[in-house]
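S.K.: Here is a sequence with its predicted model. Questions after.
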Amino acid sequence: MNSEAEAGGGTVPGAMGDEARAFFFDLRDRICAAFEGLDTRKFIRTAWDRPGGGGGEMSVLHGEVFEKVGVNVSEVYGTFSDDFRAQMPGTDAGGGFWACGISLVAHMKSPLVPAVHMNLRRIQTGAGWFGGGTDLTPYFPFDDDVALFHGRLKEACDRHDPDYYARFKKWCDEYFYLKHREEPRGVGGIFFDNLDTGHPERDLAFVREVGEAFLATYPEIVARRRNLPYTFDQREHQLVRRGRYVEFNLLYDRGTVFGLKTGGNVEAILMSLPPVVKWP
């Protein structure tokens, strides 16, 4: 049995897991450096351990441009609970798992700079797959920002499969939809899960492409908009709309559910929530 199959025990990442982990942690460092270059403050990093196996590190910045941004990495392993085991593809009889990923959410001080989410992950049970994506949530959209964000993601997708962008954009639009309000969370992006084409090295190459596209694009958008003047009413609108972000993450977000169901760090899991929010 190779190391990839042995990862069903929940403690062995295998060669593909090792490569994914190295990329996620390196991407974290480069994103944090890019964001610090746009702000006057620095990230504070806090490591945490998971009692059931593994742990992670939170990187959080409260700044003048980024009101709150968290860039988290984690590597956890262990055994799924009985009620959660049935929801995960390929879980073996023992319920073992290994998971590693990067998760990012940025809430901006200016209402003219869009909020953003990005996450990439590798999960191994009896099977192994990738998931993730990124989506943009502007409160006052600029058409050229939206076009740049989607254009770069399409280019990344097209380099790997001509069907990826249309599929994953549709998946994103449907996933980041607040059913109880019958409205989207933002202007979308791409979202994918259970990505296992049978060629894990190609799947990892695609995941790398998505991460690099994000790093090349979102800081550019922030740089364009961070110094624009805004009004009190625009800020109030931003705070009310942030309520939609909270509602989605607490009601529908799979990452939140996965983290809580597998005994992850609560502060890291709820890092995605904005620091200031209003409901009318």
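M.R.: Ah, there it is. In this text the structure is predicted, and so the values were computed from the model without any measurement. Residues are numbered from 1 along each chain as shown.

S.K.: Please make it C-alpha for all contacts and neighbour counts, starting now.
M.R.: Will do.

S.K.: Go ahead and flag the most central residue of the protein.
M.R.: For the chain, the residue nearest the mean C-alpha position is Asn119 (2.0 Å; C-alpha atoms, centre = their mean).

S.K.: Now do the contacts for that residue.
M.R.: Counting by C-alpha atoms under 8 Å, 6 or more residues apart in numbering, Asn119 makes contact with 101-104, 132-134.

S.K.: ditto for Leu112
M.R.: By C-alpha under 8 Å, 6+ apart, the neighbours of Leu112 are 138-141, 225-226, 228, 230.

S.K.: Please convert these to a markdown table, extending it with neighbour count.
M.R.: Converted to a markdown table, these look like this (neighbours: other C-alpha atoms under 10 Å):
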| residue | neighbour count |
| --- | --- |
| Pro138 | 22 |
| Tyr139 | 22 |
| Phe140 | 13 |
| Pro141 | 16 |
| Arg225 | 17 |
| Arg226 | 20 |
| Leu228 | 10 |
| Tyr230 | 11 |
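
S.K.: those strands in the chain, which residues are they?
M.R.: Secondary structure of the chain (DSSP state E): strands located at 44-49, 54-61, 66-79, 96-108, 115-124, 128-137, 177-178, 183-184, 188-195.

S.K.: closest one to Gly37 among those strands?
M.R.: For Gly37, the closest of the strands of the chain is strand 66-79, at 11.3 Å, according to C-alpha to C-alpha.

S.K.: Tell me which residues of that closest one come out buried.
M.R.: 66-79 (16 or more other C-alpha atoms under 10 Å).

S.K.: Repeat that for stretch 231-243.
M.R.: 235, 237-243.

S.K.: how many neighbours does Glu267 have?
M.R.: Close neighbours of Glu267, defined as other C-alpha atoms under 10 Å, add up to 10.

S.K.: go on, Thr137?
M.R.: Residue neighbour count, defined by other C-alpha under 10 Å, stands at 23 for Thr137.

S.K.: any idea how far it is from Phe191?
M.R.: The gap separating Thr137 from Phe191 is 14 Å, by C-alpha to C-alpha, to the nearest Å.

S.K.: do Gly131 as well
M.R.: 8 Å.

S.K.: got it, and Ile44?
M.R.: Between Ile44 and Phe191 the computed distance is 28 Å (C-alpha to C-alpha).

S.K.: CSV for the contacts of Leu112, including distance to Met108?
M.R.: Output for the contacts of Leu112, formatted as CSV (distance: C-alpha to C-alpha, whole Å):
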residue, distance to Met108
Pro138, 10
Tyr139, 10
Phe140, 12
Pro141, 14
Arg225, 11
Arg226, 9
Leu228, 13
Tyr230, 13
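
S.K.: From those residues, pick the one nearest Val60.
M.R.: Arg226 (18.9 Å).

S.K.: okay but that closest one is in contact with Val113, surely?
M.R.: Yes: counting by C-alpha atoms under 8 Å, Val113 is a contact partner of Arg226 at 6.2 Å.

S.K.: which one of Ile44 and Phe191 has more residues nearby?
M.R.: Phe191 (25 against 11).

S.K.: Okay, and the beta partners of the more buried one?
M.R.: Gly133 (DSSP bridges).

S.K.: tell me the contacts of it?
M.R.: Contacts for Phe191 (C-alpha under 8 Å, 6+ apart) come out as 131-135, 168-169, 171-172, 175.

S.K.: Return the member of the contacts of Asn119 nearest to Leu273.
M.R.: Of all these, Leu104 has the smallest distance to Leu273: 11.1 Å, by C-alpha to C-alpha.

S.K.: Could you find the closest non-adjacent residue to Val276?
M.R.: Leu239 (6.8 Å; C-alpha to C-alpha, 6 or more residues apart in numbering).

S.K.: list the contacts for the one you found?
M.R.: Leu239 makes contacts with 276-279, as judged by C-alpha under 8 Å, 6+ apart.

S.K.: need the buried residues of strand 66-79 in CSV with pLDDT and distance to Asp26, can you?
M.R.: Converted to CSV, those look like this (pLDDT from 0 to 100; distance: C-alpha to C-alpha, whole Å):
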residue, pLDDT, distance to Asp26
Phe66, 98, 21
Glu67, 98, 24
Lys68, 97, 21
Val69, 98, 18
Gly70, 97, 15
Val71, 97, 12
Asn72, 96, 12
Val73, 97, 10
Ser74, 95, 13
Glu75, 95, 14
Val76, 91, 18
Tyr77, 90, 21
Gly78, 86, 24
Thr79, 82, 27
